[in-house]
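> what's the 3D shape of this:
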Amino acid sequence: MLDRRQSNQTVIDANLTFDDNEISDVTASAIKEDGVSSEGYAVEPLAFTDFNTTGKGADFIALVDNTENIIITSCSDKNIYIQPASYNASLSDVGCTVSWQNVEDSVVADGNGRVLHYYTNTMTTLNVSRLRISDEEDIPKQSEYVSLYAYGSDGALDKNTFDDPEDSDNFYYAVDRKDNVFYPVVCEYKNATAIPKIFLVADLDAGIALLESAELETIVTGAPVSKCSFMPMQQAFDNIDEDAEF
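Next comes the predicted model:
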């Protein structure tokens, strides 16, 4: 049963502003969460064909927080961020997309067909990991695929969210191929210009405490963190902006 104790909170100020609206990956090339630098992944394609990442049979949706003031974006640096929904029209200018592919009641990839995954080395040892997106042929070796599934307030899987998102109180959680369920958590940085990123944790309270600790600055979070919170992701039921490309 999923823990929904923190699911009703507003995780971040919807009036956030960032300098020049630029995406700046605080992890940079020095972070070695997967064993090598982010500019030289040791890659080995995984034998996995279940996810439809071509767009065939996929519906394109937007993911927002429970206030619809925050939108979830995937960017060219392979990180997943939260940003004010008012930025939507300009996010593509900095290499980001707000669209996500929904296939058979689960979110399997972003609008560019890049699949979701976490790092197995940190998840196995620490029960936390960055949530990332990659082209399927470039998935880092120590990675595991995930899909996002909607769960209701009773902690049960709900497959009707896509058909009726406006009346849904469901939130999305990450599920891997072994049916392990992970909580999405957003972390804000002490550097006010750094964009908040999304991570996955196996245990909500313990995972948040660990992500906020200094010990993970160089191996997971990439920089000093000011606060981490449960990320209540929902499907947007209205277009965030008429210029959005869903």
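
> hey, let's count contacts and neighbours off CA atoms from now on
Will do.

> got the contact list for the nearest residue to Ile71 once chain neighbours are set aside?
With CA to CA, 6 or more residues apart in numbering as the measure, Val64 is the residue that lies nearest to Ile71, at 4.4 Å, once sequence neighbours are left out. When the contact criterion is CA atoms under 8 Å, 6 or more residues apart in numbering, the partners of Val64 are 70-72, 233-236.

> Kindly report the same for Ser106.
With contact taken as CA under 8 Å, 6+ apart, Ser106 is in contact with 147-150.

> Could you say which of the residues you listed is surrounded by the most neighbours?
Ala150 (25 neighbours; other CA atoms under 10 Å).

> if you skip the residues just before and after it, what's nearest to it?
By the measure of CA to CA, 6+ apart, the closest residue to Ala150 outside its immediate chain neighbours is Tyr172, 4.3 Å from it.

> Ala174 now?
The spatial neighbour of Ala174 that comes closest, neighbours along the chain excluded (CA to CA, 6+ apart), is Leu148 at 4.5 Å.

> mind checking the SS state of that neighbour?
Reducing the assignment at Leu148 to three states with DSSP: H, G, I helix; E, B strand; the rest coil gives strand.

> For it, give me its contacts.
The contact partners of Leu148, by CA under 8 Å, 6+ apart, come to 106-108, 172-175.

> Can you tell me how far it is from Ala209?
Distance from Leu148 to Ala209, counting by CA to CA, to the nearest Å: 23 Å.

> Check which strands are paired with the helix or strand harbouring the residue nearest to Ala150 and give the direction for each one.
Element membership of Tyr172, judged by DSSP states H and E, is strand 171-176. Using DSSP bridges, strand 171-176 pairs in its sheet with strand 143-151 (antiparallel), strand 181-189 (antiparallel).

> Any idea what the residue nearest to Ala174 is bridged to?
Beta-bridge pairing of Leu148, defined through DSSP bridges, involves Val107, Ala174.

> of the strands paired with strand 171-176, which approaches Asp205 most closely?
strand 181-189 (10.1 Å; CA to CA).

> Helices of the chain, residue ranges please.
Ranges of helices within the chain are 88-91, 120-126, 204-211, based on DSSP state H.

> could you dump those to TSV with mean pLDDT and distance to Ser143?
Converted to TSV, the helices of the chain look like this (pLDDT from 0 to 100; distance: least, CA to CA, whole Å):
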stretch	mean pLDDT	distance to Ser143
helix 88-91	72	27
helix 120-126	95	5
helix 204-211	96	19
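
> Indicate which one of those helices is closest to Gly155.
Nearest to Gly155, of all the helices of the chain, is helix 204-211, at 14.0 Å by CA to CA.

> counting contacts, what elements does that closest one pack onto?
With contacts taken as 3 or more CA pairs under 8 Å, 6 or more residues apart in numbering; DSSP states H and E, helix 204-211 sits against strand 181-189, strand 225-230.

> Tell me which of those strands is the most buried.
When you average the neighbours per residue for each of the helices and strands packed on helix 204-211 (mean count of other CA atoms under 10 Å), strand 181-189 leads with a mean of 23.
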